[in-house]
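**Q** the sequence and its predicted three-dimensional model are supplied below.
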Amino acid sequence: MDDVIDGEQSPTADPAFRTLEARMLLAEFQGDERRWRRLSAEMESEKYGLDVMQAAFHLAVLRRFSGSVELRDVTRFVREFNAAAPEKARVPPREAEAAIRISLGEEHLAESMGGKVLGSTRYALLFALVDDLGLDDDEIIGLLRSAEDVILTGRQIGLFGSLAGEWSTVPRTDGDRMHWRWRRGGSEGG
(Lines give C-alpha, C1' and ligand atoms only; values in the text may rest on other atoms or scores of the structure.)
Protein backbone atom coordinates (compact mmCIF):
# COMPACT_ATOMS: atom_id res chain seq x y z
CA MET A 1 0.00 0.00 0.00
CA ASP A 2 1.18 3.54 -0.69
CA ASP A 3 -0.13 4.85 2.61
CA VAL A 4 3.29 4.93 4.34
CA ILE A 5 5.90 7.40 3.10
CA ASP A 6 9.37 7.55 4.71
CA GLY A 7 8.04 5.75 7.78
CA GLU A 8 5.19 8.24 8.20
CA GLN A 9 1.55 7.52 7.57
CA SER A 10 0.25 9.63 4.69
CA PRO A 11 -2.70 11.95 5.33
CA THR A 12 -4.86 9.81 3.03
CA ALA A 13 -4.24 6.57 4.93
CA ASP A 14 -7.27 5.06 6.62
CA PRO A 15 -7.09 5.15 10.39
CA ALA A 16 -7.98 1.94 12.17
CA PHE A 17 -11.67 1.95 11.30
CA ARG A 18 -13.57 -1.26 11.83
CA THR A 19 -16.03 -0.75 8.98
CA LEU A 20 -15.63 -0.29 5.27
CA GLU A 21 -18.30 2.41 5.40
CA ALA A 22 -16.29 4.61 7.80
CA ARG A 23 -13.27 4.37 5.47
CA MET A 24 -15.44 5.33 2.49
CA LEU A 25 -16.96 8.31 4.33
CA LEU A 26 -13.51 9.53 5.38
CA ALA A 27 -12.31 9.34 1.78
CA GLU A 28 -15.32 11.42 0.76
CA PHE A 29 -14.78 13.95 3.53
CA GLN A 30 -11.12 14.28 2.49
CA GLY A 31 -12.00 14.64 -1.19
CA ASP A 32 -10.04 11.51 -2.20
CA GLU A 33 -12.18 10.48 -5.14
CA ARG A 34 -9.99 7.55 -6.25
CA ARG A 35 -10.12 5.90 -2.82
CA TRP A 36 -13.80 6.81 -2.41
CA ARG A 37 -14.70 5.14 -5.75
CA ARG A 38 -12.79 1.98 -4.82
CA LEU A 39 -14.42 1.74 -1.40
CA SER A 40 -17.89 2.63 -2.76
CA ALA A 41 -17.62 -0.16 -5.32
CA GLU A 42 -16.54 -2.59 -2.64
CA MET A 43 -19.43 -1.54 -0.40
CA GLU A 44 -21.91 -1.93 -3.24
CA SER A 45 -20.60 -5.36 -4.22
CA GLU A 46 -20.90 -6.55 -0.63
CA LYS A 47 -24.35 -4.92 -0.14
CA TYR A 48 -23.35 -2.76 2.83
CA GLY A 49 -25.89 -0.33 4.22
CA LEU A 50 -25.06 3.16 5.43
CA ASP A 51 -25.49 2.63 9.16
CA VAL A 52 -22.31 4.46 10.21
CA MET A 53 -23.44 7.48 8.20
CA GLN A 54 -26.78 7.44 9.99
CA ALA A 55 -25.12 7.31 13.41
CA ALA A 56 -22.61 10.03 12.43
CA PHE A 57 -25.50 12.24 11.30
CA HIS A 58 -27.28 11.72 14.60
CA LEU A 59 -24.16 12.49 16.65
CA ALA A 60 -23.41 15.59 14.55
CA VAL A 61 -26.98 16.85 15.01
CA LEU A 62 -26.71 16.41 18.78
CA ARG A 63 -23.41 18.27 18.79
CA ARG A 64 -24.58 21.10 16.51
CA PHE A 65 -27.95 21.66 18.17
CA SER A 66 -27.06 20.72 21.76
CA GLY A 67 -28.80 22.46 24.60
CA SER A 68 -32.12 24.14 24.14
CA VAL A 69 -33.04 24.16 20.48
CA GLU A 70 -35.06 26.83 18.83
CA LEU A 71 -36.83 25.48 15.77
CA ARG A 72 -35.76 28.68 14.03
CA ASP A 73 -32.14 27.46 14.32
CA VAL A 74 -33.02 24.26 12.48
CA THR A 75 -34.91 26.22 9.80
CA ARG A 76 -32.01 28.66 9.41
CA PHE A 77 -29.49 25.80 9.11
CA VAL A 78 -31.52 24.08 6.38
CA ARG A 79 -32.09 27.37 4.53
CA GLU A 80 -28.34 28.13 4.57
CA PHE A 81 -27.52 24.62 3.35
CA ASN A 82 -29.93 24.91 0.42
CA ALA A 83 -28.70 28.42 -0.45
CA ALA A 84 -25.11 27.13 -0.71
CA ALA A 85 -25.92 23.84 -2.46
CA PRO A 86 -26.09 23.36 -6.21
CA GLU A 87 -29.73 23.05 -7.28
CA LYS A 88 -29.54 19.27 -7.81
CA ALA A 89 -28.08 18.75 -4.31
CA ARG A 90 -30.70 20.73 -2.39
CA VAL A 91 -32.95 18.95 0.07
CA PRO A 92 -36.66 19.55 0.58
CA PRO A 93 -36.82 21.95 3.57
CA ARG A 94 -39.69 20.21 5.34
CA GLU A 95 -37.99 16.80 5.15
CA ALA A 96 -34.60 18.24 6.10
CA GLU A 97 -36.00 19.94 9.18
CA ALA A 98 -37.84 16.75 10.13
CA ALA A 99 -34.64 14.67 9.75
CA ILE A 100 -32.84 16.96 12.18
CA ARG A 101 -35.75 17.12 14.59
CA ILE A 102 -36.01 13.30 14.63
CA SER A 103 -32.43 13.19 15.93
CA LEU A 104 -33.36 15.80 18.52
CA GLY A 105 -36.03 13.54 19.99
CA GLU A 106 -39.10 14.02 17.83
CA GLU A 107 -39.01 10.44 16.57
CA HIS A 108 -42.71 10.52 15.68
CA LEU A 109 -41.79 12.63 12.63
CA ALA A 110 -40.13 9.58 11.06
CA GLU A 111 -43.59 8.12 10.46
CA SER A 112 -44.31 10.85 7.91
CA MET A 113 -41.17 10.20 5.86
CA GLY A 114 -40.14 7.26 3.72
CA GLY A 115 -36.87 5.55 4.68
CA LYS A 116 -35.19 6.44 1.38
CA VAL A 117 -36.09 10.13 1.66
CA LEU A 118 -35.01 10.25 5.29
CA GLY A 119 -31.72 8.48 4.57
CA SER A 120 -30.87 10.56 1.50
CA THR A 121 -31.65 13.76 3.40
CA ARG A 122 -29.47 12.71 6.32
CA TYR A 123 -26.62 11.85 3.96
CA ALA A 124 -26.69 15.30 2.38
CA LEU A 125 -27.02 17.09 5.70
CA LEU A 126 -24.18 15.14 7.35
CA PHE A 127 -21.67 16.99 5.18
CA ALA A 128 -23.29 20.33 5.95
CA LEU A 129 -23.24 19.59 9.68
CA VAL A 130 -19.56 18.66 9.66
CA ASP A 131 -18.79 21.80 7.68
CA ASP A 132 -20.91 23.98 9.97
CA LEU A 133 -19.22 22.52 13.05
CA GLY A 134 -15.82 23.27 11.47
CA LEU A 135 -14.51 19.75 12.11
CA ASP A 136 -10.94 19.08 11.00
CA ASP A 137 -9.76 15.66 9.78
CA ASP A 138 -8.97 14.40 13.29
CA GLU A 139 -12.41 15.46 14.54
CA ILE A 140 -14.09 13.82 11.53
CA ILE A 141 -12.18 10.61 12.31
CA GLY A 142 -13.38 10.86 15.92
CA LEU A 143 -16.98 11.37 14.78
CA LEU A 144 -16.79 8.34 12.48
CA ARG A 145 -15.19 6.20 15.22
CA SER A 146 -17.96 7.20 17.63
CA ALA A 147 -20.54 6.32 14.97
CA GLU A 148 -18.90 2.93 14.47
CA ASP A 149 -19.02 2.35 18.24
CA VAL A 150 -22.74 3.11 18.25
CA ILE A 151 -23.42 0.71 15.40
CA LEU A 152 -21.12 -2.09 16.53
CA THR A 153 -22.13 -2.01 20.21
CA GLY A 154 -25.79 -1.04 19.86
CA ARG A 155 -25.13 1.79 22.33
CA GLN A 156 -27.89 4.31 22.83
CA ILE A 157 -27.35 7.90 21.77
CA GLY A 158 -28.62 10.90 23.63
CA LEU A 159 -31.38 10.87 26.15
CA PHE A 160 -34.16 9.33 24.11
CA GLY A 161 -32.99 6.03 22.71
CA SER A 162 -31.08 4.06 20.15
CA LEU A 163 -30.91 4.22 16.39
CA ALA A 164 -34.18 3.36 14.69
CA GLY A 165 -34.48 0.31 12.44
CA GLU A 166 -35.38 2.33 9.34
CA TRP A 167 -31.86 3.78 9.27
CA SER A 168 -30.19 0.88 7.50
CA THR A 169 -29.49 0.45 3.80
CA VAL A 170 -29.94 4.01 2.62
CA PRO A 171 -29.33 5.03 -1.00
CA ARG A 172 -26.81 7.69 -1.94
CA THR A 173 -28.08 10.90 -3.48
CA ASP A 174 -25.17 11.74 -5.79
CA GLY A 175 -25.13 8.55 -7.84
CA ASP A 176 -21.54 7.78 -8.74
CA ARG A 177 -20.08 11.09 -7.57
CA MET A 178 -18.78 12.22 -4.20
CA HIS A 179 -20.89 14.67 -2.24
CA TRP A 180 -20.53 18.14 -3.82
CA ARG A 181 -19.61 19.83 -0.55
CA TRP A 182 -16.52 17.72 0.00
CA ARG A 183 -14.75 18.08 -3.27
CA ARG A 184 -12.30 20.26 -1.33
CA GLY A 185 -13.49 23.81 -1.58
CA GLY A 186 -17.17 22.89 -1.91
CA SER A 187 -17.28 23.35 -5.67
CA GLU A 188 -19.43 21.41 -8.09
CA GLY A 189 -16.40 20.22 -10.04
CA GLY A 190 -15.60 16.57 -10.37
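**A** Cool, the structure landed.

**Q** quick one: the strands in the chain?
**A** Under the criterion DSSP state E, strands of the chain are mapped to 4-5, 8-9.

**Q** now the last one: average pLDDT?
**A** Strand 8-9 shows a mean pLDDT of 40 in the predicted model.

**Q** try the first one
**A** Rounded to a whole number, the mean pLDDT of strand 4-5 is 36.

**Q** excluding sequence neighbours, find me the nearest residue to Leu143.
**A** In space, and not counting its chain neighbours, Leu143 is closest to Ala56: 5.5 Å by C-beta to C-beta, 6 or more residues apart in numbering. The way it works is simple: take the backbone N, C-alpha and C, and place the C-beta from them, glycine included.

**Q** same thing with Pro93?
**A** Nearest to Pro93 is Val78, by C-beta to C-beta, 6+ apart, at 5.3 Å.

**Q** can you pull the pLDDT of the closest residue to Glu106 other than its chain neighbours?
**A** Among residues not flanking Glu106 along the chain, Ala98 sits closest, at 7.9 Å (C-beta to C-beta, 6+ apart). For Ala98, the model assigns a pLDDT of 92.

**Q** give me every residue that touches Ala98.
**A** Going by C-beta atoms under 8 Å, 6 or more residues apart in numbering, Ala98 touches 106, 109-110, 112-113, 118.

**Q** again, only using 7 Å
**A** Neighbouring residues of Ala98 by C-beta atoms under 7 Å, 6 or more residues apart in numbering: 109, 112-113.

**Q** going by distance to Leu133, which of these wins?
**A** Leu109 (22.7 Å; C-beta to C-beta).

**Q** got the confidence number for the closest one?
**A** At Leu109, pLDDT is 86.

**Q** before we move on, what about Asp132?
**A** pLDDT, Asp132: 91.

**Q** right, and it touches Arg64 too?
**A** Yes - Asp132 sits in contact with Arg64 when judged by C-beta atoms under 7 Å, with a separation of 6.2 Å.
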